[in-house]
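S.K.: Whatever this is, show me its structure:
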Amino acid sequence: MIMAKIENEIQYNWAVKNMVAGYSEKHFSLGEPALADVIKLCPPEINFSQSYKKGMRR
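M.R.: Predicted coordinates for the structure are as follows:
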């Protein structure tokens, strides 16, 4: 691994952001949600029928 010297705040912020993003992807990756889970989180105004929701459980 090549390590460059951090010489200013912009470089520091870039390095920290990339370290956090890399760590999060490796250790806390959640993947893509299932469509049924997304629909469960929709506001009630959308008003999906219960039969439609039951069909999503497959």
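S.K.: Quick check: which element contains residue 25?
M.R.: Residue 25 is part of helix 9-27 when elements are defined by DSSP states H and E.
S.K.: Mind checking the pLDDT average for that helix?
M.R.: For helix 9-27, the mean pLDDT works out to 85.
S.K.: which outside residues touch it?
M.R.: For helix 9-27, contacts defined as C-beta atoms under 8 Å, 6 or more residues apart in numbering pick out 4, 6. Every C-beta, even on glycine, is put in place using the N, C-alpha and C of the backbone.
S.K.: What's the separation between residue 25 and residue 31?
M.R.: 11 Å (C-beta to C-beta, to the nearest Å).
S.K.: Looking at these two now, which is surrounded by more residues?
M.R.: Taking other C-beta atoms under 10 Å, residue 25 and residue 31 do not tie; residue 25 has more neighbours (9 against 5).
S.K.: re the thing from before, what comes up buried for the helix holding residue 25?
M.R.: For helix 9-27, the neighbour count (16 or more other C-beta atoms under 10 Å) marks no residue as buried.
S.K.: And the pLDDT at residue 55?
M.R.: We have a pLDDT of 60 for residue 55.
S.K.: Same check on residue 50?
M.R.: Looking at residue 50, its pLDDT reads 62.
S.K.: shift numbering so it begins at 8
M.R.: Sounds good: first residue 8 from here, last item residue 57.
S.K.: Pull up the distance across stretch 31-43, start to finish.
M.R.: End-to-end distance of stretch 31-43 (C-alpha to C-alpha, to the nearest Å): 25 Å.
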